[in-house]
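Visitor: Sequence and predicted structure, then a few things I'm wondering about:
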4 protein chains.
Amino acid sequence: MIVIMSSRAGAREIEAVVNRLKGAGFEVHVSRGAEQTVLGVVGEDTPFADLALEAMPGVEKVVPVLPPYKLASRSYKSENTVIRVGNVEIGGRAVHVMAGPCAVESREQVMACAGLVKSAGASILRGGAFKPRTSPYSFQGLEKEGLLYLAEARSATGLPVVTEALDISTLPLVAEYADIIQIGARNMQNFPLLKEAASLGKPILLKRSPAATVEEWLMAAEYILAGGNGQVILCERGIRTFNGQTRYTLDLSAVPVVKSLSHLPVVVDPSHATGKWRYVLPMARAAVAAGADGLLVEVHPDPARALCDGQQALCPKAFLAMMEDVKKVAGAVGREC
Amino acid sequence: MIVIMSSRAGAREIEAVVNRLKGAGFEVHVSRGAEQTVLGVVGEDTPFADLALEAMPGVEKVVPVLPPYKLASRSYKSENTVIRVGNVEIGGRAVHVMAGPCAVESREQVMACAGLVKSAGASILRGGAFKPRTSPYSFQGLEKEGLLYLAEARSATGLPVVTEALDISTLPLVAEYADIIQIGARNMQNFPLLKEAASLGKPILLKRSPAATVEEWLMAAEYILAGGNGQVILCERGIRTFNGQTRYTLDLSAVPVVKSLSHLPVVVDPSHATGKWRYVLPMARAAVAAGADGLLVEVHPDPARALCDGQQALCPKAFLAMMEDVKKVAGAVGREC
Amino acid sequence: MIVIMSSRAGAREIEAVVNRLKGAGFEVHVSRGAEQTVLGVVGEDTPFADLALEAMPGVEKVVPVLPPYKLASRSYKSENTVIRVGNVEIGGRAVHVMAGPCAVESREQVMACAGLVKSAGASILRGGAFKPRTSPYSFQGLEKEGLLYLAEARSATGLPVVTEALDISTLPLVAEYADIIQIGARNMQNFPLLKEAASLGKPILLKRSPAATVEEWLMAAEYILAGGNGQVILCERGIRTFNGQTRYTLDLSAVPVVKSLSHLPVVVDPSHATGKWRYVLPMARAAVAAGADGLLVEVHPDPARALCDGQQALCPKAFLAMMEDVKKVAGAVGREC
Amino acid sequence: MIVIMSSRAGAREIEAVVNRLKGAGFEVHVSRGAEQTVLGVVGEDTPFADLALEAMPGVEKVVPVLPPYKLASRSYKSENTVIRVGNVEIGGRAVHVMAGPCAVESREQVMACAGLVKSAGASILRGGAFKPRTSPYSFQGLEKEGLLYLAEARSATGLPVVTEALDISTLPLVAEYADIIQIGARNMQNFPLLKEAASLGKPILLKRSPAATVEEWLMAAEYILAGGNGQVILCERGIRTFNGQTRYTLDLSAVPVVKSLSHLPVVVDPSHATGKWRYVLPMARAAVAAGADGLLVEVHPDPARALCDGQQALCPKAFLAMMEDVKKVAGAVGREC
């Protein structure tokens, strides 16, 4: 950590800061410039945020040198984390497509979807039984009934299931049926849910909050890793910007950024990011070209009859086209799908 | 609602949309332009988002006319909602200051803070017992012990207490001690928590998520109102922008915007928004001048020893200065404090 | 256009709006709902922004149906615009790479760069002679001398040259040497420059301002098209967001969005968007996979000695690797490079 | 400046960086941590951005200690800059209101406006003769004719005039008539225009670009100061965010931030920021409470007939109400108006 002292800071103020740092077990190197003094602080074991240095008189700014996450960092673990779910390895050479409806609406819909996405080459089935909806008046999901249909679709197709847990109270139920537990974007910093989900030992798909920096996202992953569960799959699904033509702005540069900062696998959800099925296909291709380890895509047998987000779901024909394109792009970047 | 058909939409596609709308009980007015057809749709009782219109062939865009929230809207209830907490009326003529430490750290700290803020003119005591921290390695709060200290401070000073509930599992405990239950910015769209908190019948302070539009914020309030609890206090605490000099960007225009769209009271938290105590004072004044019904401010007896966010806490002297200024500005805009 | 009247608007206010619209030559369809009246307005020939409708009493909102740009829109011209520069066709089947140094620094540097990028497969040489620098104390470019070196490099390699014009006063000089005139992101809404550049009849590369919506970007293109110059190449180079790990956030979804709204070609600049050479390679691949017609990439023989933005320039070896990857991805999406 | 070396940097790489820094005349302090080496660099006279350090092998990040602007900084000049225009002192104890129409439309309109704003207490007349319009089809201003009307209004009322220069070619004409030359938000980084405007020796009102950080804004001011012109008035007019209820998001925290970083006066434009006249009044009050030295406000005798931005102009009655409120708030914060 580096502490930049204000140009108005006096010797006594500098000394007070140095003393607090030494008292907390740090080694301190003092660089006195013509205008300002800078402290190089070595040995960051205690979380320095807890030292309240920036509230001390004379301190202008504290600049961290090491990232605040540890277990999630590339320097802690240099090789890529590969997560096994059934026969599927996420984070390895293959790019995996997780596809299915936004919301589970009926037995027929899920079974049709599961068959369809499997035959097109998807390796994981997605579908929401508990739905976080912006409006209290919108369809909120089939809940347990939805989980049963997902389980049945898994039996029929052999596809592992990823589905969202909204809350601690329904988490055990979701965990009973899910192969991968999804933590939604709105819950990325729901810390009690992160801790509890970590403790179940199942792989967790952690969506990025639309307001989260990459660092905050990795800190949320750190909650799970620090809870003893190393199976975290990160999912980029668009950030909030001034852009009005898409629902969110898909931040594909987050893929190589996360790959350089962390060892965890990253998948991309072009459906929620764009909010329009028309843009899902090019952004799915781009995500794979940027280095994503997988895709999370919404597919519906009849989007114009969907109970949730129909405008962003691919119809069966469009999904088939997407899979063909994605396979070609995966090949072009040295991967397979 | 208005449905704008694509310029490429044919007669059959237009008819299909009209039929679906009529089937759902809407009245439809068709305007045929030289380039595009536009449907004026009257009678928005079912949530039209569930109609999946944008997924129908030929539909270019759906433009809502009425806001998606109802109970929270000014057109549903034209007079201002006033919320009573003890002797305090939030949303009335007086501007109320809710002040205290970010986190409850010890009995001494809370008692000192409570006495201090009361004597300076604050009318509500704030303080966190359960803390949502970005890092799993940071201080997470005193939990139940913290609630007991808050209760003791309330007995000693007569100040009602606002404190945060992080999760359904600890909500009953928080509700037992809190006069106002705070839902934090990261939980603004934690829908199970909103529903459960609504059911307890206590006033709720609902912080705006840093990524939330005003509409999404009011939709979160709608969850509480639709749950039968009309006592919602909205709290603006900064939105996420590219700005680096403050932690978030305080969106003070949200105050008059919310006042025009909704009947609910709005308070402003300049401490979290700016992240630097130096800027809290001018932004507190500005919030009151913009029409805020109150302020949520962090105060610490010794900020440089705070366990949480010390750099944004006012020391006792700065808080006294703020209160004096805020009283003058409140007077200048026809209110009192 | 649709005019949504406030629920409080009276008959007289509605009539006044209808009369003004009819007076301006529009046809008006009135839809009276239980709560609000909506006017469907047909025949948008005069720019309705000039009608000041939103300032009329009783008007809540004006919703345009047609986009504000005309000549730039896909509905005005349905086939893709292809722009010829020497032997190069931008917007056709081939993906074109425009590469070279950020700033022209010396004759040697440009000649070395030009030879290098040509042999690696680039089809256009880029390089700045007039540099818009955030700091007045930074290197501002070689100006005319730089243009001469670019011309010499063109003669030696046969590569057409794209270079930036900063201002009307130096525009004629730049136009004398450039095959494509670049309008930088900071000048996207420098309307006098757009008008003047349009009049020169040369192809124009129009960079998106980091704060511009897609609509504003297309409106800037409209200035050029309305000036009688149809040869506009749009260039996405990152938008401003809260993201700190890259300089800007590359908005790749803008590629398919622009392709659907407009007939103009779109290229992508991953160098300025990411600000770090390490991320240029994956984002270049992703841009091509998303459907970009070309790339604008910074290359420097020795980035660690660059006078401008060295941290985002590819060294020769990295550029060669990029070109190989980009060719494969172009092939995978049915194009060539 | 601080240079943070990567944890993978070897001794040779560290040495190369140290040597380059020493070669450029800097003093270097090396702090070796367990994981990373950090260099404290003292003596920042050459702009370090030109050293391309971040492109050197082994360098992870360069953290500036001093701000990149010098003449604009508070540490260069500790007392507030006060700018005299006629009898008006901007940056002193008084808060000044600059009011008038968005665009000069006719002699009658300007004369009526000037009389009105003067009698209500405004001290400067604003009005655009050259208008930067998003659409090429919108009214572009009366140009020279507009300047003549402004001059006539000045003679009649004694109010100094602030009006915008769009380009170098029309700058001399504007400067002939203007008492303060406005550089618009879209031109904040039009560096040739900044340099040329600086050379004229007249006060300059520099609007913040909606995508500019405070640092970039101060760097734009630095261009003018470095050109020998110390009379810069900064103007906050809203930044671009995801917020849809106002045109931009007024960043009032920029007022105290700029006041702490710089000695230059700051005024606020609530009209362009909100885009809706209804919100101008509360935001004008808030701006003064936050510490603004003045306001820039649009007033129109008949907003519903305005040729430009009528929806954000105050009618005469609303402007009078605003002036009354603003005077009270100015008094409450120890200023006058």
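Guide: Yep, that arrived. Owing to the predicted nature of the structure, the values given are computational and were not obtained by experimental measurement.
Visitor: where do the helices sit along chain A?
Guide: A:11-23, A:107-120, A:144-157, A:171-177, A:191-198, A:214-226, A:254-261, A:270-274, A:277-290, A:316-332 (DSSP state H).
Visitor: A:A175 - nearest residue in space that isn't next to it in sequence?
Guide: A:L200 (4.9 Å; CB to CB, 6 or more residues apart in numbering or on different chains). C-beta: built from backbone N, CA, C; applies to glycine.
Visitor: can you pull the contacts of the one you found?
Guide: A:171-172, A:175, A:181, A:229 (CB atoms under 8 Å, 6 or more residues apart in numbering or on different chains).
Visitor: Most neighbours out of these, which is it?
Guide: Among those, A:I181 has the most neighbours (other CB atoms under 10 Å in any protein chain shown), with 23 neighbours.
Visitor: residue contacts, that one?
Guide: A:I181 makes contacts with A:162-165, A:171, A:174-175, A:197, A:200, A:202-205, as judged by CB under 8 Å, 6+ apart.
Visitor: And those, which is closest to chain D?
Guide: Closest to chain D out of those is A:E164 (23.8 Å), distances taken as CB to the nearest CB.
Visitor: which non-adjacent residue is nearest the closest one?
Guide: A:Q182 (4.1 Å).
Visitor: Can you tell me how far the nearest residue to A:Q36 once chain neighbours are set aside is from A:R32?
Guide: Sequence neighbours aside, A:S7 is the residue nearest to A:Q36 in space, at 5.0 Å (criterion: CB to CB, 6+ apart). A:S7 sits 12 Å away from A:R32, going by CB to CB, to the nearest Å.
Visitor: Same check on A:G228?
Guide: In terms of CB to CB, A:G228 sits 45 Å off from A:R32.
Visitor: ok, now A:P256?
Guide: Separation of A:P256 from A:R32 (CB to CB) stands at 39 Å.
Visitor: Of those two, which one has the most company?
Guide: Relative neighbour count places A:P256 above the other of A:P256 and A:R32, with 25 against 14, counting by other CB under 10 Å.
Visitor: Tell me what A:I4 is bridged to.
Guide: A:V38, A:K61 (DSSP bridges).
Visitor: let me redo that: A:V97
Guide: The partner residues for A:V97, given DSSP bridges, come to A:L295.
Visitor: Report the contact partners of it.
Guide: Contacts of A:V97 by CB under 8 Å, 6+ apart are A:117, A:121-124, A:294-295, A:297, A:323, A:326, A:337.
Visitor: my read: A:E54 touches B:A313, true?
Guide: No: when contacts are counted by CB atoms under 8 Å, A:E54 is not listed as touching B:A313 (10.7 Å).
Visitor: These two: which has the busier surroundings?
Guide: B:A313 (27 against 20).
Visitor: how many neighbours does the closest residue to that one other than its chain neighbours have?
Guide: Leaving aside its chain neighbours, B:A313 sits nearest to B:H300 (3.8 Å; criterion: CB to CB, 6+ apart). Other residues within reach of B:H300, judged by other CB under 10 Å, total 30.
Visitor: What's the separation between A:R126 and A:D179?
Guide: From A:R126 over to A:D179 (counting by CB to CB), the distance is 11 Å.
Visitor: out of these two, which sits in the busier spot?
Guide: A:R126 (29 against 19).
Visitor: Now the more buried one: closest residue in space, sequence neighbours ignored.
Guide: Nearest residue to A:R126 in three dimensions, chain neighbours excluded: A:G100, at 4.2 Å (CB to CB, 6+ apart).
Visitor: how many other residues sit next to the one you found?
Guide: Neighbour tally, A:G100, other CB under 10 Å: 30.
Visitor: Kindly report the same for A:A16.
Guide: Using other CB under 10 Å, A:A16 has 17 neighbouring residues.
Visitor: ok, and the closest non-adjacent residue to it?
Guide: A:M56 (6.5 Å).
Visitor: again with A:E13
Guide: Once flanking residues are discounted, A:E13 sits nearest to A:G58: 3.1 Å by CB to CB, 6+ apart.
Visitor: Next: A:L166.
Guide: Nearest in space to A:L166, with sequence neighbours left out and distances taken as CB to CB, 6+ apart, is A:F130 at 4.5 Å.
Visitor: quick one: that neighbour from chain D, how far?
Guide: 27 Å (CB to the nearest CB, to the nearest Å).
Visitor: A:I83 too?
Guide: 26 Å.
Visitor: Point out the residues in the stretch 151-300 of chain A that sit beside chain D.
Guide: By the rule CB under 8 Å from any CB of the partner chain, the part of the stretch 151-300 of chain A lying against chain D is A:240-242.
Visitor: unless I'm mixing things up, the residue nearest to A:R126 is touching A:V110, no?
Guide: Yes: between A:G100 and A:V110 there is a contact under CB under 8 Å: 7.4 Å.
Visitor: Common neighbours of those two, please.
Guide: By CB under 8 Å, 6+ apart, the residues touching both A:G100 and A:V110 are A:G127.
Visitor: coming back round to it: pipe the helices of chain A into TSV and attach distance to C:E89 and mean pLDDT per row.
Guide: Converted to TSV, the helices of chain A look like this (distance: least, CB to CB, whole Å; pLDDT from 0 to 100):
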stretch	distance to C:E89	mean pLDDT
helix A:11-23	63	92
helix A:107-120	35	97
helix A:144-157	46	98
helix A:171-177	54	97
helix A:191-198	52	96
helix A:214-226	38	97
helix A:254-261	31	98
helix A:270-274	29	97
helix A:277-290	21	97
helix A:316-332	23	97
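Visitor: sorry, back to before: hang on, the residue nearest to A:E164 packs against A:A165?
Guide: Yes: with contact defined as CB under 8 Å, A:Q182 counts as touching A:A165 (7.0 Å).
Visitor: Chain A - how does it break down into domains?
Guide: As given by automatic domain parsing, the domain ranges for chain A are A:2-63, A:83-332.
Visitor: ok, now how distant is A:G238 from chain D?
Guide: For A:G238, the distance to chain D - CB to the nearest CB - is 12 Å.
Visitor: Now that residue: closest residue in space that isn't a chain neighbour?
Guide: Distances taken as CB to CB, 6+ apart put A:Y248 closest to A:G238, at 2.7 Å, once the chain neighbours are dropped.
Visitor: Of all the residues in the stretch 51-200 of chain A, which one is nearest chain C?
Guide: For the stretch 51-200 of chain A, CB to the nearest CB, closest residue to chain C: A:P67, 10.9 Å.
Visitor: now that residue, nearest residue through space, not along the chain?
Guide: Spatial nearest neighbour of A:P67, excluding adjacent residues (CB to CB, 6+ apart): A:S73 at 5.7 Å.
Visitor: Same question for A:K144.
Guide: Distance criterion CB to CB, 6+ apart; nearest residue to A:K144, sequence neighbours excluded, is A:L173 at 6.4 Å.
Visitor: how many other residues sit next to that neighbour?
Guide: A:L173 has 15 neighbours, counted by other CB under 10 Å.
Visitor: just A:K144 next, same as before
Guide: A:K144: 15 surrounding residues under other CB under 10 Å.
Visitor: measure it to chain B for me?
Guide: Going from A:K144 to chain B by CB to the nearest CB gives 15 Å.
Visitor: Surely that residue and A:V174 touch.
Guide: No: using CB under 8 Å, A:K144 makes no contact with A:V174, being 9.5 Å away.
Visitor: between those two, what contacts are shared?
Guide: Contacts common to A:K144 and A:V174, judged by CB under 8 Å, 6+ apart, are A:A129.
Visitor: got the contact list for the residue nearest to A:E164?
Guide: Residues in contact with A:Q182, defined by CB under 8 Å, 6+ apart, are A:126, A:162-165, A:204-205, A:207, A:235.
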